[in-house]
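Trainee: Structure for the following, please:
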Amino acid sequence: MKTTWWKPGWLVLVGAALLTGIAATDAATIDTLPYTIPSNGTADYQFPDDTVAFNGIREGDPSGIDIIITFAYYVDGPMTTLWTSKDGTNWTWGSKDNWMLSAQNPVVEFRFSGDSWDPTDWAKYIRIRNTANGGDIVLTAVEPLFPGRDPRLPPLPVANAGPDVSIYTSQESSKTLNGTASDPSPGPSGLTYRWLEGSTELKGPTAVGTDGSAPLALSTLVPLPRIGTHTLTLEVTDGQDTVSDTMVLTIANTPPEGQPTPTDQAFEIGVDPISVCASVADFDGDAVSYQWVKDGAVLASGVVTPPAGGAALDNVAQLTIPAGDTRFPLGSNNLQFVVDDGVNPAVTYSVIVRMQDTTAPTLAPKPSTTLLWPPNHQLVPVTIRAGDADNSRGNLVLTASIQSNENDGASEPDWYLDSIDNASGTVALRLRAERAGGSDGRVYTVTLTATDASGNQSIATVDIRVPHDKKK
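Mentor: Residues are numbered from 1 along each chain as shown. Prediction:
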């Protein structure tokens, strides 16, 4: 933020003129200090535009000075008085004459003794003539008494453009710059303000609010400021004095936006295809590339160009995964939707794909035999292949139980469940080949249960008979 002050109709103020006279015209121009003025030489000095020195001392006031001039001592000798000028053309005499310079007195305090408070009478230039015989003098410093506004004058109005602001293009229409203005010494005219960028007026003279507000609503600007950095000036005037303050407005490209749908959805594993989509928007109308990513791998991608202004292209980014894709196992799967406009950092959105299993596994058992003959009381090995399967493609847990329709009261068991191999889906058992003499035959019922990782179960039974005779 930088604050400046200026007076209508003039730029800088330097000392006031007094006695009219015409100085020598063969003066050199002093560009830099220190500057050497040779014997009988004349030099002109112009005060810098960012300094102010003026006739704030009245006639007969010996306590004040307007200009302090410092020389480096070379040769003792008189020097003529200073001339002053408002325009560098018409010169007037100063108030003292023939100062003596010496090593003990290298500083000259020069005072205009006029009583003018009219800014048009104040001087901007001084002319110095060295009348020392045979000696140079070196001008090392010229300082105005007041390097800014004279503290004896009434305070200036105050302009405050506010802090620097950084926004996106999408925020311009709702952003207001909250400048303020005040006048510690109100004049006859009320405070007005205007906003500028360089010499371009953004908002014309407007009365400052009763609360000191001097706002600039960006939505009122046609066209809206472009992307980039803008130095804006708040200028405030009370009709007599004008002050200004600057702030920097930075406008950046708005990042793209995406909206996946659904963001969390369940699919039946091995049954349902996965289908998600997303809408894409870009306030600046940039081409936007998108990707669907899982575990660092890109599953799908494309490029769309939404309209400028922020309207979305709905459901343009499609992702379809066929049922049973092994990249989406049972459980929660994290999916990312990434949009990139090539200007801003890419923006990532998360989607949860839950693969669930609510379907019971299948069982299609096939025993190695269904008849035990002859009934010789021997244990016969039987193998049952469960034929189990599950849509989750995970391992199933098999259990088996055996029952018989006969209870002969024998001391030895009639069956043994030897092993269950879940990996191969095989059940190994032994059954005794015997039956009661007066029955129609013995039936062993083997019950198989398959349980998947989600707790779904299926049950199947296998009957293996020991007939009464070979005909049955």
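Trainee: So for the helix or strand harbouring residue 231, mean pLDDT?
Mentor: Using DSSP states H and E, residue 231 maps to strand 228-237. The pLDDT scores in strand 228-237 average 97.
Trainee: now swap in stretch 279-289 and tell me
Mentor: 97.
Trainee: Would you mark the buried spots in the strand holding residue 231?
Mentor: Neighbour-count burial for strand 228-237 flags 230, 232-237 (criterion: 16 or more other Cβ atoms under 10 Å). C-beta: built from backbone N, CA, C; applies to glycine.
Trainee: again, but for stretch 313-331
Mentor: Neighbour-count burial for stretch 313-331 [16+ other Cβ under 10 Å]: 313, 316-317, 319, 321, 328, 330.
Trainee: try stretch 356-373
Mentor: Neighbour-count burial for stretch 356-373 [16+ other Cβ under 10 Å]: 356-357, 359-361, 363, 365, 367, 372.
Trainee: Pull up the distance across that stretch, start to finish.
Mentor: 47 Å (Cα to Cα, to the nearest Å).
Trainee: that's a strand at residue 215, yeah?
Mentor: Yes - assessed with DSSP: H, G, I helix; E, B strand; the rest coil, residue 215 lies in a strand.
Trainee: Which strand residues bridge it?
Mentor: Judged by DSSP bridges, the bridge partners of residue 215 are residue 178.
Trainee: what sits against it?
Mentor: 176-179, 209 (Cβ atoms under 8 Å, 6 or more residues apart in numbering).
Trainee: Put the buried members of the residues you listed into a PyMOL selection.
Mentor: Restricted to buried positions by 16+ other Cβ under 10 Å, the PyMOL selection for the contacts of residue 215 reads:
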select buried, resi 177+179
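Trainee: okay, now the domains of this protein?
Mentor: What automatic domain parsing lists as the domains of the chain is 3-144, 159-252, 257-356, 366-467.
Trainee: can you map out the helices along the chain?
Mentor: Ranges of helices in the chain, per DSSP state H: none exist.
Trainee: Output the below-cut-off pLDDT ranges for it.
Mentor: Within the chain, the ranges that satisfy pLDDT under 70 run 1-25, 47-88, 92-124, 131-134, 143-153, 408-409, 471-472.
Trainee: Residue 235 and residue 157 touch, don't they?
Mentor: No - with contact defined as Cβ atoms under 8 Å, residue 235 does not reach residue 157; the gap is 10.2 Å.
Trainee: What count of nearby residues applies to the residue nearest to residue 46 when sequence neighbours are not counted?
Mentor: Closest residue in space to residue 46, ignoring its immediate chain neighbours: residue 125 at 5.2 Å, by Cβ to Cβ, 6 or more residues apart in numbering. Look at residue 125: counted by other Cβ atoms under 10 Å, it has 21 neighbours.
Trainee: was I right about residue 125 contacting residue 29?
Mentor: No - with contact defined as Cβ under 8 Å, residue 125 does not reach residue 29; the gap is 9.9 Å.
Trainee: what residues are shared contacts of the two?
Mentor: Common neighbours of residue 125 and residue 29 (Cβ under 8 Å, 6+ apart) are 44, 46.
Trainee: on that earlier part again, which one of the buried residues of strand 228-237 is nearest to residue 383?
Mentor: When the buried residues of strand 228-237 are compared for distance to residue 383 (Cβ to Cβ), residue 230 wins out at 84.9 Å.
Trainee: List the contacts of the closest one.
Mentor: With Cβ under 8 Å, 6+ apart, residue 230 has these contacts: 197, 248-251.
Trainee: Which of those residues fall within strands?
Mentor: The members of those that map onto strands under DSSP state E are 197, 248-251.
Trainee: Quick one: buried ones out of those?
Mentor: Among those, those buried by neighbour count (16+ other Cβ under 10 Å) are 249, 251.
Trainee: which pair in the ones in strands among the contacts of residue 230 spans the largest distance?
Mentor: Every pair of the ones in strands among the contacts of residue 230 checked by Cβ to Cβ; the farthest is 197 and 250, at 13.2 Å.
Trainee: what about the strand holding residue 231, distance to the chain center?
Mentor: Centroid separation for strand 228-237 versus its chain: 23 Å, with Cα atoms, centre = their mean, to the nearest Å.
Trainee: do stretch 381-396 as well
Mentor: Using Cα atoms, centre = their mean, the offset of stretch 381-396 from its chain centre is 57 Å.
Trainee: What residues sit buried inside that stretch?
Mentor: Within stretch 381-396, judged by 16+ other Cβ under 10 Å, the buried ones are 382, 384, 386, 388-392, 396.
Trainee: re earlier: mutual contacts of residue 235 and residue 157, please.
Mentor: 242-243.
Trainee: where's the closest residue to residue 42 other than its chain neighbours relative to residue 38, distance?
Mentor: Using Cβ to Cβ, 6+ apart and skipping residues adjacent in sequence, the residue nearest residue 42 is residue 27, 4.1 Å away. Distance from residue 27 to residue 38, counting by Cβ to Cβ, to the nearest Å: 12 Å.
Trainee: Give me the common contacts of those two.
Mentor: The contact lists of residue 27 and residue 38 share no entry, where a contact means Cβ under 8 Å, 6+ apart.
Trainee: Who has more neighbours out of those two?
Mentor: residue 27 (20 against 14).
Trainee: circling back to that earlier point, output the buried residues of stretch 356-373 in JSON lines; the columns should cover distance to residue 456.
Mentor: Formatted as JSON lines, the buried residues of stretch 356-373 follow (distance: Cβ to Cβ, whole Å):
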{"residue": "356", "distance to residue 456": "10"}
{"residue": "357", "distance to residue 456": "6"}
{"residue": "359", "distance to residue 456": "6"}
{"residue": "360", "distance to residue 456": "4"}
{"residue": "361", "distance to residue 456": "6"}
{"residue": "363", "distance to residue 456": "12"}
{"residue": "365", "distance to residue 456": "18"}
{"residue": "367", "distance to residue 456": "24"}
{"residue": "372", "distance to residue 456": "33"}
